[in-house]
Every structure is written in structure tokens, then in C-alpha cells.
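Enquirer: build the 3D model from these lines:
(chains A and B)
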Amino acid sequence: MMGSDYRYQFLIKLKAEVPIIVSPINNLINLPVTLFRDSKNNFITKELLIEKIQNLEATIYSLSIQVQENKLLKSENNTLRDTLNIHKKFNILGDNAEIILPNVRNGYSVITINKGIKHNIKAGSAVINNFGLVGQIINVSETYSEIRPLTSKAYAVPAIIDNGKENIILYGNGNGELEIPLFPASSLIKINDTFVTSGVDRLYPKGILIGKVSQIKPTTSPKFNYIVVTPFFQATTFSQITVLKIKK
Amino acid sequence: MTVTNIQKSQEGKLFIILFLISILLSYIGIFGIHDPTIMPNYFIALVVSFILTKKAKLNLNKLVIIGVVTDILAGQLIGQYGLIFINIYIAYLITNKILIIKYEKQIESLSILLILFGFLILWLTSQSYGIPIIPKAILFQSILTFIAYLFFRVIIKTYLSR
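Expert: I've put the predicted structure just below:
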């Protein structure tokens, strides 16, 4: 039974086809949070709203300055690309979604989001947010989808150090971190170096933040080091994510 | 309906209620903790508690069905929990053939052994089929599962002694 399920992925298909069983459980678990959020929104005061508007206006102001800088950089970049004859598109297209509970299921890490087949979410899509890479969609049902976080043990992502020097593959260690089991000791790497996606797999766009080096440990072989990377993303610290469209 | 039949149906109802509670709990971290390693395996705790209290007349067929339902709702691979439950049940039967289990301390020791055995099967099947599982967390999860087992045991005894 297990062998055939492993081979033909019955359970994944079944879970995608029968959301009627799991949806009520999800809704029930989310009920306290939803009720709290709804009641909080209903009882919000006028002063709070004014304060929020002021904060948002301040944010818009600072962001508009950043946009101007970015426009300048973009035009400079385009000019340089034209001069050097480099043509590459960096368009990131995706659908925004919200994380709903639970993010654990019977001892396994799973992030559930509030969009599914109805919203054109497809299994295998990459998921990012403003902190960086989140993971990959593994299971899609009618109204919600499940994400395998990048720290999951079955996860691997091609990455590059942000100075563009080292191309490697990062593996989730299932313990909230990523790892490089064998990193050449001759390569220069230091604590707090940042890893970004390299884009060689054509699944994740190039340049998305993954995490920073938190530990460098020697291995039994003097030629290699063991590197631990702490991801920028934490499932509990944000609620909005973007599911990227799969490029055909 | 005879007294025995009423008791049987009560046991069955209690098992179904606790099974549904287990599904619900398996979707939530304890006290809002979102670390999947810091949560017990409620299903192993539930099955061990019912096997050891000899309630709900669990047998191999029933355990296979319960296992498949568990896998569909909260599992990773169809048949994994079925295998775990069958192994726990067989281990219990073999122990009962070899030893005379009648004291509370014996039952508690046996429960620890059965829980650890359940986790061993879970770990072995997960390794065989590439399901990510953290070996270091298994011991901690076993302790939590034992606590969950004690809770279930208290509930079973309280509810069925009315």
C-alpha cells in the first residue's frame, strides 16, 4: 500500500480532490483567529484609523523617494545592458495570498494559504514574500494550497552568494535552517554572507533573498566545511506571500 | 439493548470522539508553538490507550481502517499509520502471551514500550519512503506522546466508569 502510494502519489491526489474533509478542520482551527481579527476590525477607533492613515502616508512618502531612486537605477541599468548587449527579463509575476493556520500537521511543517485551484494556483510554483524565499507549493485543493517551507528536509534550492561568486545548492535540514553539507574550504565565505537564488533551475527567479550564513563548521575532510544558513523567512512573522506563476 | 451492548457502543462513541479530537489537535501546535517537532503523536497515544485499556474491541481489521483514515486526514503516506497500529497491536499481543500484565506499573511500562515501538516503525517507514523526519526529535515526541496517552487514559477511565 505504501509502495504504491509512494509511486503513484495517491494521497496527494486524494487530498487535492477531497478538500471537503479537511476544509472544515482548517476553518474550525482558524475560527478563533478570524473572530478575533473581525471583532478587532469592528471595534477599531477613529483615532486609531487617523494614526494608521498618517503612518501609511509617511510610508508612501518614503517609498515614493525610493521609487524615484529605483527608476534612476533601472534606466541606468537598461542603458548599461544596451551598451553591453545583455538582454534579460526580471519580471516577477504572481498572485498574492494569505497564510492561514495551521502550519504544523501531525508533526510535519506545512504552510497553508487561502488560495487554490479556483485562483489558478498550481502545484510546483515557487512562493516568495517581502522577506525572501518561502518555499514551494506541494498540494493544491479547491480553495487552499499547501507550501513546503524551504527549511523542510525534502527541499533544495540553487543559490549564489550575493557577491555572485559561489554557485551552490542549499538543502533544508528540517530544523528551521538550511545547510550546505560539503562547501569547499578553499572558497571564501564568512558569517552573515547572504545567499540569493541563482535562477539556474528556472523555477525561482534570480536574486531572491534566501538567508544568511550563521555557522561555518569543519567536517571530517579538511577540504570541506559544513555551512548553516538561517533563512530570512519565518512562518510566524508574516501573513502575506506571493505565489509565482510557472513559466511555460 | 443489553448492558454489554450499551457499554460497547459507548466505547465506540468515545473512540470516535477522541479520534476526531486527535485530528483537530494534530493540526494545532501546543500553546500556539509552531514548531512541528514539539508536538505529540496523538494517534499513537490514542491507539495505545485503547489497546491497553481493552476498550472499543480493537482488532487488526479495525486498526487498518483507522490507520488509513489517519493517513488520509493527517498522514504523509497511505498505509503508514495502518502498519504502525498493526505493529503496536501485535507487539501487545505477543507481550501478553509471554507475560502476565496485571499491575498498573506494568501497563505504564508497556505503554512506553509500545509508544517507542510505534515511533520506531514511523521512523523506519519515513526513512524508506523519503519522508522528512528529525531523529533527534523522536525521543522528545515520545515523551509528549506518553503524556497525551496518560490524558487519554484518564478520559477513557472517567467516561466509561460512569
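Enquirer: where exactly do the helices run in the chain?
Expert: Here I'm looking at chain A. Counting by DSSP state H, residue ranges of the helices within chain A are A:2-8, A:10-17, A:19-42, A:46-84.
Enquirer: switch to chain B, that's the one I care about
Expert: Along chain B, counting by DSSP H, helices occupy B:3-26, B:42-52, B:60-74, B:80-98, B:104-128, B:135-160.
Enquirer: among those, which one carries the weakest average confidence?
Expert: Sorting the helices of chain B by mean pLDDT places helix B:3-26 lowest, at a mean of 84.
Enquirer: burial count for residue 61?
Expert: You didn't pick a chain, so chain A it is. For residue A:61, the neighbour count with other Cβ atoms under 10 Å in any protein chain shown is 9. C-beta here means a position set from N, CA and C on the backbone, and glycine is covered the same way.
Enquirer: um, chain B though
Expert: For residue B:61, using other Cβ under 10 Å, the count is 9.
Enquirer: also residue B:146?
Expert: When neighbours are counted by other Cβ under 10 Å, residue B:146 comes out with 19.
Enquirer: residues in contact with it?
Expert: Contacts for residue B:146 (Cβ atoms under 8 Å, 6 or more residues apart in numbering or on different chains) come out as B:45, B:111-112, B:115.
Enquirer: get me the contact residues on chain B for chain A.
Expert: B:23-24, B:26-29, B:34-37, B:39, B:41-43, B:71-80, B:82-83, B:125, B:128-134, B:141 (Cβ under 8 Å from any Cβ of the partner chain).
Enquirer: one more time with 6 Å, if that's ok
Expert: Contacts of chain B with chain A, taken as Cβ under 6 Å from any Cβ of the partner chain, map to B:26-29, B:34, B:36, B:39, B:74, B:77-80, B:129, B:132, B:134.
Enquirer: farthest-separated two in those residues?
Expert: Maximum pairwise distance in these, criterion Cβ to Cβ, is 28.4 Å, between B:34 and B:79.
Enquirer: neighbour count winner among those two?
Expert: The residue with more neighbours, out of residue B:34 and residue B:79, is residue B:79; 23 against 18, by other Cβ under 10 Å.
Enquirer: isn't the more buried one right next to residue A:1, touching?
Expert: Yes - because the distance of 3.3 Å satisfies Cβ atoms under 6 Å, residue B:79 is recorded as touching residue A:1.
Enquirer: separation between the spatially most central residue of chain A and chain B?
Expert: Centroid check for chain A by Cα atoms, centre = their mean gives residue A:134 as the closest residue, at 1.6 Å. Distance, residue A:134 to chain B, by Cβ to the nearest Cβ, to the nearest Å: 14 Å.
Enquirer: now swap in residue A:232 and tell me
Expert: In terms of Cβ to the nearest Cβ, residue A:232 sits 17 Å off from chain B.
Enquirer: wait, that residue touches residue A:134, no?
Expert: No - applying Cβ under 6 Å, one finds residue A:232 not in contact with residue A:134, separated by 9.8 Å.
Enquirer: on that earlier part again, which residues sit in contact with the residue nearest to the centre of chain A?
Expert: By Cβ atoms under 6 Å, 6 or more residues apart in numbering or on different chains, the contact set of residue A:134 is A:127-128, A:233, A:241.
Enquirer: ok, so of the residues you listed, who is nearest residue B:58?
Expert: Distance to residue B:58, by Cβ to Cβ, is smallest for residue A:127 among those, at 41.2 Å.
Enquirer: hang on, that closest one packs against residue A:147?
Expert: Yes - assessed by Cβ under 6 Å, residue A:127 is found in contact with residue A:147 at 5.3 Å.
Enquirer: that's all I had, so thanks and see you.
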